[in-house]
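Student: pasting the sequence and the predicted coordinates here, then a few questions.
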Amino acid sequence: MITSEVPRPIQPSRDLRTMLTDSLLARSLAYLEEAEERRQTAFREQRWEEYGVAVRKHIREAFGPMPFGREGGGLNVRRVSAFEGVQWRLENVLFDSFPGWEVNASVFVPQGDGPFPAVVIPVGHSGKQFDNYQIPARGFAALGFVAVLFDPPGQASEKKPGNDHFSEGVRTFLTGHSSSRYFVLDALRCIDYLETREDVDLSCGVGMTGVSGGGHTTLFATLFDDRITCQGPSCCINRMADHPVGDLYSPCPESKWSGRLPAGVDELDVLLAGIPTPALYMAGRKDEVFQIDWSRGLAAEAAECYNMAGAADRFRFFEDESGHAYTLAQVREFVAWMNRWMLGEPERPVPELDPEDFPMLPYEQLQCHPAPEENIFTLNRVIARQQAAARPERRDSGQLRDAVAAVIGEPGTVDEWEESNRFQVWSQTSRELLATVEGLHVPATLMEPMPEYAREDRPWLLFIDDAGRQKALESWGPAAQLSRMIQRDEIPIHPSVFVPDLPGWGDTEPALVPYSMTGWGSMDRLTAYLSCTMGDGVLRIRTRVAASLIRHLLEHCEVDPARLIVVGRGLGGSVALMAAALCEGELGGVVTWDGLTSFQSLAEEEGYTWPAGAFLPDVLVHFDLPELMRGLPCPVAVLNPLDAAREPVDEVGLEEMVGPLPDSVILEPGCDSGRAIGVIGELLERVAG
């Protein structure tokens, strides 16, 4: 029934502004509860060794190849500089981790002849020049340990170009190789380097310790290398239900690899999978991020698990009076721990350390000037190219569908479909809809021809815009133009136009949470990283929802698939292509407009401006967008394709990026909005017959 009352948005049962964030949080917490139950059951039933093997296996698979030790190849050690101190001497050296990727190690050696025991100190999300790192390294040397200090990729380190752990870390989502590998392998190669030194005694293994991100590196390295016989993570782990999931912290992508949560790998699991390696877990009472109450809770559970594993004395929790820091007090605690468990000399004295004896060294004395040519970007690009070369050529839509489903999953059904009244706008009626898919509300606008214009064979248009349906419709937006509402008798075809706001777009754009106010935080990063950790990237969710809406239109609105055209604008173009691939029937056409040309380009090009949500986890193992352009069993229009920097791709660049395309593909590089609407209009005319 058509009324004079303007349709209003249908009142949702939940706040659309928090819906996506709440859904991701609830699903994540459910995975963490399952992980806790598995962990407790394993230790209670004395299956902790089997449990540890499973955790290690998942992490090693997520990290990808990690060549160290006998498989590590040559180190190519180069000495850079040397300096003398009162209690130590300093040697700065470079050596290879991955081929061409250099570790910039500052090696503090105790005065005397040695050989000395050794400790490796991964730097956190910072630089080795700061007090959290250089002072502890010198403290260890003063207490008789060779201390190897090295920078992480990016941060405030010497290894900045191509190594920003946010912009480059998210690229590794595409290849399925956690960017943590680039932090951890450096630590393992430091042990390889120590084995080459005559003044180092590794007969009892090596210790490893670090604060914050350096503590994370320590935990993961311990799971790879039995040469680490003592670990000392500091100010770096809480149960993820506390932080960073429960408090919706915008974290670093290296800890958010694909499928971590369904595999049951909480931070506590990483620690416990290291049993029986002795672990000294240190925390600062004034730490404002890894809050002490959370650290105490994790430590209590860890101690209980170590006890059930028959290794109660191999775990200890030390509360420092510090904040988020690594202090000389922690140095002394870890030296005592290594004396006991690594050297077998628990009574070996640990002298007091006077802070006055450790003035800051100038940065110049720690610099090694590593070569910038190889970095996370270049190394991940190699993996992306290898995956592209290894993908089989898919010649039919069934094979293509299987490849897309392997990444996206299977679409579900629309559980609820609510409609408002219909309101006449010239030749069309407009109504508001609220669909529910996978527990997520999808607000939408549906425009249909008035009865006198409504042909049974009329085309349907599903218009997906990453800027939201209001942008697509308001002020004669493209979806409104394509409805032809004010043209009336001038044209024979009046389509039905369905414009939804997929989760996180338009009316469902997530509201700000506190930690997203930081310089490294954003709602885009939060939702992209958290969904990746669940093995369900946010682009996957949007694609399944879109495919479910298509299925509903076909099955419940009696839309002929041959008369349905799916248009995606912006990142909606990727969604349109993938959702169409998941459909069982042959659609009337698919259009990607101002869309990403290929996921490969996000791994290939040095700069990009697409959001973190564009980096679809694991996609390059299975397919890329040009394969969908070539292989969909329907006409495909590629309008104004964009590169990684969201710049238009010309014909030459397009040929390089996508290769040869069949004649059924309409290519319009650089076309403006008017031309794009014209092409879509021609497709509508074509499917109407």
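Tutor: Noted; the coordinates are in hand. Numbering: from 1, shown residues only.

Student: and L174, what is it in contact with?
Tutor: Taking CB atoms under 8 Å, 6 or more residues apart in numbering, we find L174 in contact with 380, 384, 599, 602-603, 615-620. (Each C-beta comes from the backbone N, C-alpha and C, glycine too.)

Student: check which helix or strand covers it.
Tutor: Using DSSP states H and E, L174 maps to helix 171-175.

Student: pull the CA atoms of that helix into CSV?
Tutor: This file holds the C-alpha atoms of helix 171-175, laid out as CSV (Å, rounded to 0.1, in the frame of the first residue of the first chain):
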residue,chain,number,x,y,z
ARG,A,171,49.8,-6.6,4.1
THR,A,172,50.8,-10.0,5.5
PHE,A,173,47.1,-10.8,6.1
LEU,A,174,46.9,-11.2,2.3
THR,A,175,49.5,-14.0,2.2
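
Student: what's the first helix or strand after that helix?
Tutor: Next along the chain from helix 171-175, counting by DSSP H and E, comes helix 180-194.

Student: off-centre distance for whichever helix or strand comes after that following helix?
Tutor: Using DSSP H and E, the next helix or strand after helix 180-194 towards the C-terminus is strand 206-211. Relative to the chain's own centre, strand 206-211 is displaced by 26 Å; criterion: CA atoms, centre = their mean, to the nearest Å.

Student: and for stretch 81-94?
Tutor: 38 Å.

Student: state the mean pLDDT of that stretch.
Tutor: Here stretch 81-94 scores 96 as its mean pLDDT.

Student: which positions within it qualify as buried?
Tutor: 83, 85, 87-94 (16 or more other CB atoms under 10 Å).

Student: could you identify the most distant pair in those residues?
Tutor: Using CB to CB, the pair of those lying farthest apart is Q87 and L94, separated by 24.7 Å.

Student: can you show me the strands along the stretch 201-350 of the chain?
Tutor: 206-211, 228-234, 279-284, 315-320 (DSSP state E, counting those that start in this stretch).

Student: what packs against the last one?
Tutor: The one in question is strand 315-320. strand 279-284, helix 292-308, helix 328-341 (3 or more CB pairs under 8 Å, 6 or more residues apart in numbering; DSSP states H and E).

Student: who's in contact with A435?
Tutor: A435 neighbours (CB under 8 Å, 6+ apart): 414, 416-418, 441-442, 444, 500, 549, 552.

Student: F498 against A444, yeah?
Tutor: Yes - the criterion here is CB atoms under 8 Å, and F498 meets it with A444 at 6.3 Å.

Student: neighbour count: those two, which is higher?
Tutor: Shown here are F498 and A444; by other CB atoms under 10 Å, F498 has more neighbours (27 against 24).

Student: let me see the mean pLDDT of the helix or strand where the more buried one lies.
Tutor: Assigning secondary structure by DSSP H and E places F498 in strand 496-500. Averaged over strand 496-500, pLDDT sits at 98.

Student: please apply the same query to stretch 414-434.
Tutor: Mean predicted lDDT for stretch 414-434 stands at 96.

Student: what about that stretch, how long is it end to end?
Tutor: Taking CA to CA, to the nearest Å, the first and last residues of stretch 414-434 lie 10 Å apart.

Student: one step back: kindly export the strand holding F498 (C-alpha atoms) in PDB.
Tutor: What follows is strand 496-500, C-alpha atoms only, in PDB (Å, rounded to 0.1, in the frame of the first residue of the first chain):
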ATOM      1  CA  SER A 496      14.000  -2.100  -8.900                       C
ATOM      2  CA  VAL A 497      17.000  -0.800  -6.900                       C
ATOM      3  CA  PHE A 498      18.000  -2.300  -3.600                       C
ATOM      4  CA  VAL A 499      20.700  -0.400  -1.700                       C
ATOM      5  CA  PRO A 500      21.900  -1.900   1.600                       C
END
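
Student: off-centre distance for that strand?
Tutor: 32 Å.

Student: where exactly do the strands run in the stretch 451-600 of the chain?
Tutor: 460-465, 496-500, 564-569, 589-593.

Student: in CSV: those strands, plus distance to Q155.
Tutor: Output for the strands of the stretch 451-600 of the chain, formatted as CSV (distance: least, CB to CB, whole Å):
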stretch, distance to Q155
strand 460-465, 37
strand 496-500, 40
strand 564-569, 36
strand 589-593, 37
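
Student: L667 is nearest to which of those?
Tutor: Comparing those under CB to CB, the one sitting nearest is strand 589-593, at 10.9 Å.

Student: neighbouring contacts of that closest one?
Tutor: 565-569, 573-574, 576-577, 580, 625, 629, 632, 634-641, 676, 679-680, 683, 686-687.

Student: kindly report the same for stretch 217-227.
Tutor: 55-56, 59-60, 63, 66, 68-69, 120, 122, 152, 180, 183-184, 187-188, 191, 202, 205-206, 208-210, 228, 231-233, 236-237, 270-271, 273-274, 277, 279.

Student: for PyMOL, what selects the buried ones among these?
Tutor: Selection command for PyMOL covering only the buried members of these, criterion 16+ other CB under 10 Å:
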select buried, resi 55+56+59+63+66+68+120+122+152+180+183+184+187+188+191+202+205+206+208+209+210+228+231+232+233+236+237+270+271+273+274+277+279
